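Colleague: Kindly return the folded structure for what I paste below:
(chains A, B, C and D)
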Protein chains: 2
Amino acid sequence: MLNKKAKIFQALSDTNRLRILKMLLNKTLCVCEITAVLKLAPSTVSKHLSILKDTGFIIEEKSGKWVNYSMNTLTREPVILSLITLLNYELTHDEIVQNDGRMITDIDRVKLCCK
Amino acid sequence: MLNKKAKIFQALSDTNRLRILKMLLNKTLCVCEITAVLKLAPSTVSKHLSILKDTGFIIEEKSGKWVNYSMNTLTREPVILSLITLLNYELTHDEIVQNDGRMITDIDRVKLCCK
DNA sequence: TTTATATTTCGATTAACAACGAAACGTAAT
DNA sequence: ATTACGTTTCGTTGTTAATCGAAATATAAA
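Modeller: Model prediction:
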């Protein structure tokens, strides 16, 4: 269906969602970790994640209080797989993305999220 | 730049623009031919084409009264090339797209556009 | 030089979207 | 049970985008 393809590309048409995807390509993350990097409201990040989940780019796994998000690398949808591969290559040389990567490796979830 | 990548995906986030791209993958077309297939106002089609041109997917070539649009297959931007290849494959089995293809092969530009 | 035609630009309208805060939900700790 | 915390849902607001028709532009024909 043509509309589904359009929605897939629409999911990639936002810079914050591109940053989220590139972070998830390196590591599984929870909402509050992503919130800390993007400096957005938790509700906004949650909405971005639901869009990426509904289009098939990421999956969620509940673990107690937390919800872990990770790339849907086992998808059987060729479009999604192709686009994940494309993004992984095309976003590596971006300055903002590289900075996000540094921040995310430095973050300790327990220190950051457990107030 | 991250924003430029987002804009590229945004250009693909509209079903009418996806239909235009698939048509141009088969043949060079003018505005009025595309208008006839999509059944939109000429001004709307013109706007869609300018978005696809600005993001680097297509090129225009003026020829008298007409403006011919065609795929920018000679681009040096890897993202654009990858996405053109991806679209060419992913959209082939869509019903609407196949119907567009049939319409466009039947169309005679002179009969259609020269009133 | 008019006239006709293909296309673009402009302005207005309507719909979709990103962002936020407040409130609700679910789970774990006290 | 109550409290605390991570997350989601909901309602609102401001911005962007798709569409159209009317007017402007450019080129060819009469």
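Colleague: and A:Asn72, what pLDDT?
Modeller: Looking at A:Asn72, its pLDDT reads 98.
Colleague: Now do the contacts for it.
Modeller: Applying C-beta atoms under 8 Å, 6 or more residues apart in numbering or on different chains to A:Asn72 gives the contacts A:56-59, A:80, A:84. Placement of C-beta: from N, CA and C, glycine included.
Colleague: and the two most separated of the residues you listed?
Modeller: A:Ile59 and A:Ile84 (12.2 Å; C-beta to C-beta).
Colleague: so which strand or helix has A:Lys62?
Modeller: Secondary structure from DSSP states H and E places A:Lys62 in strand A:58-63.
Colleague: Show me what from chain A comes close to chain B.
Modeller: A:1-3, A:5-7, A:9-10, A:12-15, A:18-19, A:78-79, A:82-83, A:86, A:90-91, A:94, A:96-97 (C-beta under 8 Å from any C-beta of the partner chain).
Colleague: Next, format the contacts of A:Asn72 as TSV and append neighbour count.
Modeller: Output for the contacts of A:Asn72, formatted as TSV (neighbours: other C-beta atoms under 10 Å in any protein chain shown):
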residue	neighbour count
A:Gly56	20
A:Phe57	25
A:Ile58	26
A:Ile59	17
A:Ile80	19
A:Ile84	19
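Colleague: Report the contact partners of A:Val31.
Modeller: By C-beta under 8 Å, 6+ apart, the neighbours of A:Val31 are A:42, A:45-46, A:49, A:67, A:69.
Colleague: try 7 Å
Modeller: Taking C-beta atoms under 7 Å, 6 or more residues apart in numbering or on different chains, we find A:Val31 in contact with A:42, A:45-46, A:49, A:67.
Colleague: Buried residues in stretch A:86-100, which are they?
Modeller: Buried residues in stretch A:86-100, counted by 16 or more other C-beta atoms under 10 Å in any protein chain shown: A:86-87, A:90-91, A:94, A:97, A:100.
Colleague: mind listing which of these are in helices?
Modeller: Within these, residues falling in helices by DSSP state H are A:86-87, A:90, A:97, A:100.
Colleague: Tell me the one among those residues nearest to B:Met23.
Modeller: Relative to B:Met23, the closest of those is A:Leu86; by C-beta to C-beta it sits at 23.3 Å.
Colleague: In space, what's closest to that closest one - neighbours in sequence excluded?
Modeller: Excluding the flanking residues, the one nearest A:Leu86 by C-beta to C-beta, 6 or more residues apart in numbering or on different chains is B:Ser82, at 5.6 Å.
Colleague: Show the pLDDT at the one you found.
Modeller: On pLDDT, B:Ser82 comes in at 98.
Colleague: Would you mind giving both backbone torsions of it?
Modeller: Main-chain torsions, B:Ser82, degrees, to the nearest 10: phi -60, psi -40.
Colleague: quick one: A:Ile8 from A:Leu52, how far?
Modeller: 10 Å (C-beta to C-beta, to the nearest Å).
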